[in-house]
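[1] Any chance you could fold what I've pasted below:
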Amino acid sequence: LYLYGTSLIYGVTGTVHLSAVKAFLAHRIQAGGLESLGFPLAAGVVILAVALLFKAALVPFHWWTPDAYEGAATPITGFLSVAPKAAAFAMAIRIFAAGLLPLSPTWTGVLGVVAVLTMIWGNVAAMIQDNVKRMLAYSSIAHAGYVLIGLVASGRTGTDQGIEAALLYLLAYAFMNLGAFGLILYLQREGSAGDRMEDFDGLIHRSPWAAVLMIFFLLSLGGIPPMAGFVAKLMIFYAAVSASLYLLAVVLAVTSVVSLYYYFRLVYRMFLRDPEALPAPRAGWTLATGLWICGAATLAFGIYGQPLITWAARISLLGP
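    Okay, here's the model as predicted:
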């Protein structure tokens, strides 16, 4: 799909360089309006968008995510939940913001609808999951919808503000989501995948430091201060409001509150359920170090994220 969409765009514009595509589109639209671009270019943009939406697990091309996350080994699941999603959004930002910006009056509306559907469906579906990996899979779908708001906001305003917010969100999401899947890996033992809700019962008694770290990650995923997820969601929310995307901002706020239900299901089990008659889990030094790094980064970014915000503000993809 990606190659076919790209070939159609190349067939119309005669180039695959994003700056040249942008100049071509701006010239054609100025001369004859959007209607002058023709069906082949529209088809190419749609097909290319489908490929990127599939890669980032955005509704309605999200269906592969829960089964893939549940079926894969936990380290692979953690990788799938972060790296391909970040790469897909990096591609989408470059293609839509840098190359297809003259078409923003069209694609911002479509991607706005996709963002709303993704936020709603990801959070609603996560509420009924009994497998932690599937729950985090639907959670990752919802978070993809939050990130997409940043791209839509930049397309609407023609500034880098939304892109800055999206990149910061991806950075914060990487630490908190990797940490959550790392805790599942920590709970794995012979005969168990470590992803049952029951595996977290009484974790505060069996492994207090793991329960505290999981609280960090869940609070951050839910957007609760002073964690990194709060700062990241706040910047996305502010970008949406600045772009007058009030519906997206409201859906973001409401679905973030809804997400607290399924995140705190784990908190309840860790702190208020009696522990299973199991030995305390043990972690090698590499896994323990990785978990502590994710936990420290999640907390530090939330308490003092100004250096990262300053770094993101240097982005000049679209200019001031």
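
[2] pLDDT below threshold where in this structure?
    189-194, 276-283, 316, 318-320 (pLDDT under 70).

[3] Do a quick rundown of the helices in the protein.
    2-13, 18-32, 39-55, 64-71, 74-92, 104-126, 132-157, 161-187, 203-206, 208-222, 228-242, 246-272, 285-303, 306-312 (DSSP state H).

[4] residues of the shortest one that come out buried?
    Neighbour-count burial for helix 203-206, with 16 or more other C-beta atoms under 10 Å as criterion, is recorded at 203-204, 206. The C-beta positions use only the backbone N, C-alpha and C, and glycine is treated the same way.

[5] so what secondary structure elements neighbour that helix?
    Here helix 203-206 touches helix 208-222, helix 246-272, going by 3 or more C-beta pairs under 8 Å, 6 or more residues apart in numbering; DSSP states H and E.

[6] can these go into JSON lines with extra columns for mean neighbour count and distance to residue 98?
    Shown next, in JSON lines, are the helices and strands packed on helix 203-206 (neighbours: other C-beta atoms under 10 Å; distance: least, C-beta to C-beta, whole Å):
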{"stretch": "helix 208-222", "mean neighbour count": "23", "distance to residue 98": "30"}
{"stretch": "helix 246-272", "mean neighbour count": "18", "distance to residue 98": "22"}
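
[7] With respect to residue 304, which of those helices lies nearest?
    In terms of C-beta to C-beta, the element of these nearest to residue 304 is helix 208-222, at 14.7 Å.

[8] Dump that closest one to CSV, restricted to CA.
    The C-alpha coordinates for helix 208-222 follow below in CSV (Å, rounded to 0.1, in the frame of the first residue of the first chain):
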residue,chain,number,x,y,z
PRO,A,208,7.2,-3.5,46.7
TRP,A,209,9.6,-1.8,44.4
ALA,A,210,7.9,-3.4,41.3
ALA,A,211,4.5,-2.3,42.5
VAL,A,212,5.7,1.3,43.0
LEU,A,213,7.2,1.4,39.5
MET,A,214,4.0,0.0,38.0
ILE,A,215,2.1,2.8,39.8
PHE,A,216,4.5,5.3,38.1
PHE,A,217,3.8,3.9,34.7
LEU,A,218,0.0,3.5,35.1
LEU,A,219,-0.3,7.1,36.5
SER,A,220,1.7,8.4,33.5
LEU,A,221,-0.4,6.4,31.0
GLY,A,222,-3.5,7.9,32.6
